[in-house]
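S.K.: Sequence and predicted structure below; questions after.
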Amino acid sequence: MKKIAILASGEGTNAERIIRYFEEKEEVSVEIVIASRTTAGVIKRAERLGVPCRVVTSAGFASGEALEVLRGYEVDFIVLAGFLLRIPEDILRVWPCRIVNIHPSLLPKFGGKGMYGMHVHEAVLAAGEKESGITIQYVNERYDEGDYIFQARCEVLPDDTPERLAARVHQLEYRYYPEVIEKLVRQHV
């Protein structure tokens, strides 16, 4: 059994999709969700789905608490799903090429610190882009600069609002992220 940890900071819709996807798989299991905020919606989603959830703040990541939680659950692979903190080097060293993130744009455009959620979709529209999408990438020590694994595209429509564009991008996330994670876990672990 390969064990996954999901790190999230927000509502947890992608985390829920990933947990549900792997409920039906015998060789891969979501063992723990780590939330970076006590108010994150992902906490209730994890509880409802029967997955243990721990809150580890930015101070806890800096002090090594997150590393100890991950080791305690003996995770093989780490998945970021709307996680807003930078991953510390101690975690990057223990899980090289086994930490992935999804970003709501076609990187390298609209990435980096502060570029998340609606900020990305607003920037895409303000720039007059004709397409947007998702990028699944390995995590390194810099925001959104890890090697790309997969990209999927969607059209930016002339009458789009950030919310409408976000809804189409979310559909790409829900469709592709669990499948890509499964392939990576099977090949890297």
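M.R.: Nice, I can see it.

S.K.: what residues are up against the one residue sitting closest to the centre of the chain?
M.R.: Centroid-nearest residue in the chain, with C-alpha atoms, centre = their mean: A81, separated by 2.3 Å. A81 is in contact with 6-8, 12, 14-15, 18, 42, 102, 177, counting by C-beta atoms under 8 Å, 6 or more residues apart in numbering. Bear in mind the C-beta positions are built from the backbone N, C-alpha and C, glycine included.

S.K.: Pick the one among those residues closest to G60.
M.R.: L7 (11.8 Å; C-beta to C-beta).

S.K.: element containing that closest one?
M.R.: strand 2-8 (DSSP states H and E).

S.K.: Tell me the strands beside that strand, with direction?
M.R.: strand 28-35 (parallel), strand 77-80 (parallel) (DSSP bridges).

S.K.: Average pLDDT for the last one, rounded please.
M.R.: For strand 77-80, the mean pLDDT works out to 98.

S.K.: Once you drop chain neighbours, what's closest to the residue nearest to the centre of the chain?
M.R.: In this structure, A81 finds its nearest non-sequential neighbour in N14, 4.0 Å apart by C-beta to C-beta, 6 or more residues apart in numbering.

S.K.: For that neighbour, what is the enclosing helix or strand?
M.R.: Counting by DSSP H and E, N14 is part of helix 13-23.

S.K.: now could you export just the CA positions of that helix as PDB?
M.R.: Extracted in PDB, the C-alpha atoms of helix 13-23 (Å, rounded to 0.1, in the frame of the first residue of the first chain):
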ATOM      1  CA  THR A  13     -12.500  20.600  -3.000                       C
ATOM      2  CA  ASN A  14      -9.500  19.100  -4.700                       C
ATOM      3  CA  ALA A  15      -8.500  17.200  -1.600                       C
ATOM      4  CA  GLU A  16     -12.000  15.800  -1.400                       C
ATOM      5  CA  ARG A  17     -11.900  14.700  -5.100                       C
ATOM      6  CA  ILE A  18      -8.500  13.000  -4.500                       C
ATOM      7  CA  ILE A  19      -9.700  11.200  -1.300                       C
ATOM      8  CA  ARG A  20     -12.800   9.900  -3.100                       C
ATOM      9  CA  TYR A  21     -10.700   8.800  -6.100                       C
ATOM     10  CA  PHE A  22      -8.400   6.800  -4.000                       C
ATOM     11  CA  GLU A  23     -11.200   5.300  -1.800                       C
END
